[in-house]
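sequence unknown, structure follows:
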């Protein structure tokens with residue numbers, strides 16, 4: 001956006017999905033709760049320049065400054081959206097003798113996992129997997145089989161071995177938060193003449209033997225559905241400020257390798273392929289093996305899943321949002337300064353923050369600063385990424401503008417903030433309430449609180465809080481909080497703390 005334009009997101013793509021109304025009970029309850037949150041005596045200060053509808057634009061949560069993680073599964077409707085970008089395999093050096101030995105030792109334990117449409121028998125997603133028991137238990141990523149988990153009436157899954165043999169598989173358990181799924185080869189009909197088949201399994205490296213920095217790791221999978229392959233890299237510790245532990249793998253992953261094993265030089269599984277960083281070279285990520293052990297302990301004796309798993313996904317997302325909100329609210333209080341204002345930001349141990357703005361110049365009519373913070377806590381559900389939290393700020397200082405000119409520019413920025421008015425198959429449209437409230441130290445704010453309900457993940461909501469200071473004729477700060485998939489109570493807790501985090505030296 002040019003520096004001379006008002007702040008606020010520009011050019012947001014409008015949501016053209018068919019509008020679906022929510023139930024009257026939900027709408028009435030939400031309306032009452034939002035009204036209670038914003039209930040406060042009207043401020044004496046004059047409001048900003050009014051617009052016909054300050055929330056007329058439609059939704060889009062601002063994209064983070066840093067490139068997103070791209071799950072390594074291929075581009076299909078059932079895999080995370082970032083995976084839809086094509087990824088050409090990078091030029092790689094010939095495999096070392098250790099890599100060749102590791103591949104030959106592990107190849108009969110590897111499989112490709114295919115999700116197929118029941119009606120047409122065409123594949124809708126592919127990924128990788130590996131055997132973890134002789135009786136046919138397999139591990140892959142949840143996002144590889146998310147269509148099977150949420151729409152089993154439309155999808156089925158099979159494995160394809162390195163030799164090309166195909167066999168149906170059953171879903172036993174999922175770990176959405178760590179992107180793992182446990183499968184079992186569908187047993188053949190019972191027969192006294194044929195013993196139960198046995199499979200070669202990869203051993204897991206025990207947690208008592210942690211990896212060392214620089215230790216070699218070999219990642220295996222079926223990239224781009226062209227055949228089984230191995231890539232060699234190094235262990236670089238855990239990713240900093242990742243909400244859940246992720247191994248920083250200094251090697252190459254490509255779409256289709258999702259769910260494949262990463263092994264050490266002794267052939268033991270140390271992690272599961274899960275994601276790569278777009279716009280980077282050999283910057284990839286693995287799920288630590290400890291979560292494989294936990295899922296195995298949980299689901300080894302489980303019966304095959306028969307119906308859609310929305311309730312189980314909801315249960316896990318509820319645990320995720322509770323952990324997220326508790327960590328945000330209990331973390332060390334931190335704020336950023338914009339002129340006379342202070343605004344809340346997440347703890348440095350949780351979030352990454354970026355800033356930009358315009359250098360102060362003598363000929364400038366106004367100056368502004370921007371910043372945004374994002375917690376790397378998104379979880380892929382099969383219906384997109386949820387469970388994230390981000391904050392964004394824009395601050396203005398316009399000593400050369402008249403109060404009316406400043407109010408016009410400032411009000412335009414507020415009006416340009418997009419909100420999703422229409423619902424879709426995943427969420428309802430936003431329900432919003434607007435009022436003048438008091439922030440920290442009684443700083444007068446104009447605030448809008450909006451919530452949208454998830455249709456199939458009952459009890460979870462998206463929350464947006466928009467707040468703008470209205471105490472100065474030529475200075476101001478605008479803030480936006482976006483949180484996805486939180487409970488109603490936790491949405492209220494976050495909104496209250498966020499608004500109370502705004503303060504001003506002048507107000508004190």
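Now that the structure is in, tell me what you want to look at. Every value quoted in this text rests on a predicted model; they were computed, and no experiment measured them.

Could you list the buried residues of the top helix by length along the chain?
The residue-count maximum for a helix in the chain (DSSP state H) belongs to helix 310-330. For helix 310-330, the neighbour count (16 or more other C-beta atoms under 10 Å) marks 310, 313-314, 316-318, 320-321, 324-325, 327-328 as buried. C-beta: built from backbone N, CA, C; applies to glycine.

Stretch 276-289 too?
By 16+ other C-beta under 10 Å, the buried positions in stretch 276-289 come out as 276-277, 282-289.

Any idea how far apart the tips of it sit?
From its first residue to its last, stretch 276-289 covers 18 Å (C-alpha to C-alpha, to the nearest Å).

what pLDDT, on average, does that stretch get?
Mean pLDDT, stretch 276-289: 84.

Next: stretch 387-406.
The predicted model gives stretch 387-406 an average pLDDT of 92.

swap in stretch 207-215?
Mean pLDDT, stretch 207-215: 91.

Any regions of the stretch 251-400 of the chain where pLDDT drops low?
Applying pLDDT under 70 to the stretch 251-400 of the chain flags the ranges 279-280, 357-364.

Please, where are all the helices along it?
Secondary structure of the stretch 251-400 of the chain (DSSP state H, counting those that start in this stretch): helices located at 289-299, 310-330.

Off-centre distance for the longest one?
When distances are taken as C-alpha atoms, centre = their mean, to the nearest Å, helix 310-330 is centred 13 Å away from the chain's centroid.

Give me the helices and strands touching it, please.
The contact analysis (3 or more C-beta pairs under 8 Å, 6 or more residues apart in numbering; DSSP states H and E) places helix 310-330 against helix 146-150, strand 166-175, strand 475-486, helix 488-500.

Dump these into a markdown table; add mean neighbour count as well.
Output for the helices and strands packed on helix 310-330, formatted as a markdown table (neighbours: other C-beta atoms under 10 Å):
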| stretch | mean neighbour count |
| --- | --- |
| helix 146-150 | 24 |
| strand 166-175 | 19 |
| strand 475-486 | 25 |
| helix 488-500 | 19 |
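
Including distance to residue 244 and mean pLDDT, could those go into JSON lines?
Converted to JSON lines, the helices and strands packed on helix 310-330 look like this (distance: least, C-beta to C-beta, whole Å; pLDDT from 0 to 100):
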{"stretch": "helix 146-150", "distance to residue 244": "17", "mean pLDDT": "97"}
{"stretch": "strand 166-175", "distance to residue 244": "10", "mean pLDDT": "97"}
{"stretch": "strand 475-486", "distance to residue 244": "15", "mean pLDDT": "96"}
{"stretch": "helix 488-500", "distance to residue 244": "19", "mean pLDDT": "96"}
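
Show the contacting residues for the residue nearest to the spatial centre of the chain.
In the chain, the residue lying closest to the centroid (C-alpha atoms, centre = their mean) is residue 378, at 2.1 Å. Applying C-beta atoms under 8 Å, 6 or more residues apart in numbering to residue 378 gives the contacts 385-388, 484.

Could you do residue 129 as well?
With C-beta under 8 Å, 6+ apart, residue 129 has these contacts: 110-113, 138-140, 144, 159, 183, 259-260.

Apart from its chain neighbours, what residue comes closest to it?
In this structure, residue 129 finds its nearest non-sequential neighbour in residue 140, 3.8 Å apart by C-beta to C-beta, 6 or more residues apart in numbering.

looking at it, that neighbour is touching residue 259, isn't it?
Yes. If you go by C-beta atoms under 8 Å, residue 140 and residue 259 touch, sitting 3.3 Å apart.
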